[in-house]
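[1] predicted structure and sequence below. I'll ask about it afterward.
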Amino acid sequence: MNGGYSPQPPPRRYNSTLNVDCVDGVYRQAQQVSPLTKQVNHLAYEIPKNKYAQNPWNYAPEFLKVFGDLRVHIGGRAVFDCVLLGSPRPKVCWLFNEDKMRFTDVIIEDTADVCRLTIPYVQPHHFGSFTVLCENEVGRATAQANLMPLYE
């Protein structure tokens, strides 16, 4: 006794003079090969890499440290900073309330691994959501926090 296991019979193949293959009664378009095409062992050849192929050392952006929500007095100082990894070096874009930042009274620093946005003198128009968007050819990472007023 074989424990209820019954081996499946091999698939039946039917030959046809049409350009179709029939396996188990299902007809499929047969592969067309030009008589001028030389048949080669495809497994013996590696597909050439194109110039857009990914470098094995490249990796998507990721944060080692992210910023959090801040509560600051009007006139106070606010700093959002994060430590970022990624190869190639990700491009960094800061957003305010999910739109491209248009402030002229902020300082943005983007060094080897630190992205920092500093508001030296917080004003009411600064209160809202700050997002840093980091992107390279491999991927994207975002971090978001809110700047809120601090009342006594």
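    It's in.
[2] mind listing the strands for this structure?
    Using DSSP state E, the strands of the chain run over 13-14, 20-23, 26-29, 59-65, 70-72, 78-87, 91-96, 99-100, 107-110, 114-119, 128-135, 140-149.
[3] what lines up beside the fourth one in the sheet?
    The partner list of strand 59-65 in its sheet, established with DSSP bridges, is strand 78-87 (antiparallel).
[4] output the partner strand as CSV, nothing but the C-alphas.
    C-alpha atoms of strand 78-87 as CSV (Å, rounded to 0.1, in the frame of the first residue of the first chain):
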residue,chain,number,x,y,z
ALA,A,78,13.2,74.7,15.8
VAL,A,79,15.5,72.1,14.4
PHE,A,80,14.4,69.0,12.4
ASP,A,81,17.3,66.7,11.7
CYS,A,82,17.8,63.2,10.6
VAL,A,83,20.7,60.8,9.8
LEU,A,84,20.4,59.3,6.4
LEU,A,85,22.0,56.4,4.5
GLY,A,86,21.7,55.5,0.9
SER,A,87,23.8,54.8,-2.2
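[5] spit out the contact partners of E62.
    E62 makes contacts with 84-86, 141, as judged by Cβ atoms under 8 Å, 6 or more residues apart in numbering. Bear in mind the C-beta positions are built from the backbone N, C-alpha and C, glycine included.
[6] farthest-apart pair in these, please.
    Pairwise distances across the contacts of E62 (Cβ to Cβ) peak at 9.2 Å, for the pair L85 and A141.
[7] among these two, which residue is more densely surrounded?
    Comparing L85 with A141 by other Cβ atoms under 10 Å, the one with more neighbours is A141, at 19 against 15.
[8] relative to R89, how far out is the residue nearest to that one when sequence neighbours are not counted?
    Residue nearest to A141 in three dimensions, not counting chain neighbours: P61, with 4.1 Å by Cβ to Cβ, 6 or more residues apart in numbering. As judged by Cβ to Cβ, to the nearest Å, P61 and R89 stand 9 Å apart.
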